[in-house]
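*Asks:* no sequence on this one, just coordinates:
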């Protein structure tokens, strides 16, 4: 028995696996590289690699899903904290900004993509590789591609200037400009508007998206909105201001929103000389942009301090409360999952 994702219009991954298996010998494959800044490059490959590409990128993924269908594999949303065993994680493409950015460059800007070459570009800046699989045309219906992504760690790249090759019984100079070792593990699949995550750690490193941290951050934002009076520009939300700021996302993991009152926060901002505006009529804190949001979260985290010895004001980057050594650890994920 299999279970489907909570999203009603999501791709049926089991139907996809059976369909891909039927046409696996007819699939056309294109390879793309993308950098740490998510710039996409087209690439070329020797036809002799085509079968190996299918083995490294696709066959085990299909087999894993088909086997899972017989063993009760369930599809769960990536941002759910409670996850039983034998699950495949799913997320809508438009929720993961950098994944969508890479896909859109390929789908809508392929003709303008530069072709990667080691003379003009650098492998050390490459973050990941995407294989686009194009099914054959059936009737009048245009084929819909799917994409398999893999993380490229620095240890997988061998540059000719710093590598040797062993041939016969002796070492020699590595003749290629660069060599690449592709791992066979399943990592990320994108079908239509759906992302399926086989390796959460690789997915996070590929696209800089931690679903667990975002889930906690979203819960904290709801608490902030319930406990504090805020005024934001029309069409802007606190989540919009924070979502691309990793330091703030990380800081929200530990923030106790009930530890500080609205009036105390406003008073502290005034005492520290912070340029945080307040609506005189309603007393709401005015947040105009991400910089204001950062000040607000830093205040909420009690990160502005005045030294009693020198009188110097500080923004504290890291602090350790003086508490009993046997005080229990407070895990925000555990608290969120228990609700």
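*Replies:* Received the coordinates, thanks. What you see is a predicted model, and the numbers here were worked out from it, not measured in a lab.
*Asks:* how near is residue 20 to residue 13?
*Replies:* Distance of residue 20 to residue 13, given as C-beta to C-beta, to the nearest Å: 10 Å. To be clear about C-beta, it is placed using only N, CA and C from the backbone, and glycine gets the same treatment.
*Asks:* how about the most centrally placed residue in the chain, secondary structure?
*Replies:* The structure's the chain has its C-alpha centroid closest to residue 209; by C-alpha atoms, centre = their mean the separation is 2.2 Å. With DSSP: H, G, I helix; E, B strand; the rest coil as the basis, residue 209 sits in coil.
*Asks:* need the contact list for it.
*Replies:* Listed by C-beta atoms under 8 Å, 6 or more residues apart in numbering, the contact partners of residue 209 are 96, 97, 98, 99, 203.
*Asks:* And for residue 143?
*Replies:* Contacts of residue 143 by C-beta under 8 Å, 6+ apart are 134, 135, 136, 137.
*Asks:* where's the last one relative to residue 47, distance?
*Replies:* Using C-beta to C-beta, we find residue 137 at a distance of 21 Å from residue 47.
*Asks:* In terms of neighbours, single out the busier of the two.
*Replies:* residue 137 (10 against 6; other C-beta atoms under 10 Å).
*Asks:* give the contact list for that one.
*Replies:* Contacts of residue 137 (C-beta under 8 Å, 6+ apart): residue 143.
*Asks:* And for the one 4 residues further on?
*Replies:* Listed by C-beta under 8 Å, 6+ apart, the contact set of residue 141 is empty.
*Asks:* per-residue confidence at it?
*Replies:* Looking at residue 141, its pLDDT is 80.
*Asks:* Phi, psi for it please.
*Replies:* As for residue 141, its main-chain torsions (degrees, to the nearest 10) stand at phi -80, psi 130.
*Asks:* if we can go back for a sec, of the contacts of residue 143, select the buried ones using a PyMOL command.
*Replies:* Command for PyMOL that selects the buried part of those, burial taken from 16 or more other C-beta atoms under 10 Å:
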select buried, resi 135
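*Asks:* Now flag whichever of the contacts of residue 143 is closest to residue 73.
*Replies:* Proximity of the contacts of residue 143 to residue 73 (C-beta to C-beta) peaks at residue 135, which lies at 23.0 Å.
*Asks:* The closest one reaches residue 29, doesn't it?
*Replies:* No: between residue 135 and residue 29 there is no contact under C-beta atoms under 8 Å: 11.2 Å.
*Asks:* Understood, closing this out.
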